[in-house]
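Engineer: Below is the sequence, then the predicted model.
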Amino acid sequence: MIQINEWLPNPAGTDYGAEWIELWNDGGSSVSLADWKLSDSKKTYSLGDKTLNPGEYWVLNAKTAGLTLRNQEETLTLKRTDGQIESTSHFLGTAQEGKSWAWNGAGYAWSEPSPGKENIFSAILAEDNLPRGVALNKFSSVGIQEAALGAALLLALGIMFLIKRNDDQENIFRGGDQENRGTFG
Ligand SMILES: [Ca+2]
């Protein structure tokens, strides 16, 4: 298949003109990309009559393709002539500056850029991203949501406790008042 193998949404320095997308034919036969479409979250580029041979990489300059890769929560989608999705790649949060979002065979992770070549994954980068890519980001955001929910519950319990205590005090006061009325009435 043709993989969105690696892309650089947030190059060091000026982004415009320096962003790129690497496609990779990881299959055993040549694939014509005639009329295939590559889209970011806003725009779509038609790939023309490019053919990728087995194992071949193709690096597209995003500016040439009329695409602008956002540095936050961007998605790239590659669609075949029949409109079916061939490959899609998405990151959550903010893109690391100067790092590419690269396919490692199981998922995507931030990596040292390697346009036109096999992707690089240093031990440290791979370790930092376990479980890799989108799965990690999803996991993290669920963790944050759970923490927020926990904090909200604690706050609610605290408020309930305060209200209850106020009620008790009022009851004591009212109780005293009634006793007083009883005495004098
Ligand atoms: Ca590469």
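Structural biologist: Okay, I see it. Numbering: from 1, shown residues only.
Engineer: Which positions in the chain make contact with the ion?
Structural biologist: Residues of the chain lying close to the ion (Cβ under 5 Å from the ion) are 6, 22, 114, 119. In short, each C-beta sits where N, CA and C put it, glycine included.
Engineer: what's around the first one, how many residues?
Structural biologist: By the other Cβ atoms under 10 Å criterion, the neighbourhood of residue 6 contains 28 residues.
Engineer: pretty sure it contacts residue 104?
Structural biologist: No. If you go by Cβ atoms under 8 Å, residue 6 and residue 104 don't touch, sitting 9.8 Å apart.
Engineer: what residues are shared contacts of these two?
Structural biologist: Taking Cβ atoms under 8 Å, 6 or more residues apart in numbering as the contact rule, residue 6 and residue 104 both touch 111, 119.
Engineer: Most neighbours of all the residues of the chain next to the ion, which one?
Structural biologist: Busiest of the residues of the chain next to the ion [other Cβ under 10 Å] is residue 6, holding 28 neighbours.
Engineer: Three-state assignment for it, please.
Structural biologist: Taking DSSP: H, G, I helix; E, B strand; the rest coil as the rule, one finds residue 6 in the strand state.
Engineer: for residue 160, same thing?
Structural biologist: helix.
Engineer: what about it, how many neighbours?
Structural biologist: Per other Cβ under 10 Å, the neighbour tally for residue 160 reads 10.
Engineer: how many neighbours does residue 18 have?
Structural biologist: 15.
Engineer: again, but for residue 156
Structural biologist: Burial of residue 156 is recorded as 10 neighbouring residues (other Cβ under 10 Å).
Engineer: in the chain, what spans have low per-residue confidence?
Structural biologist: 122-145, 168-185 (pLDDT under 70).
Engineer: So if we follow the domain assignment, how does it break up?
Structural biologist: Taking automatic domain parsing as the domain assignment, the ranges for the chain are 2-130, 134-185.
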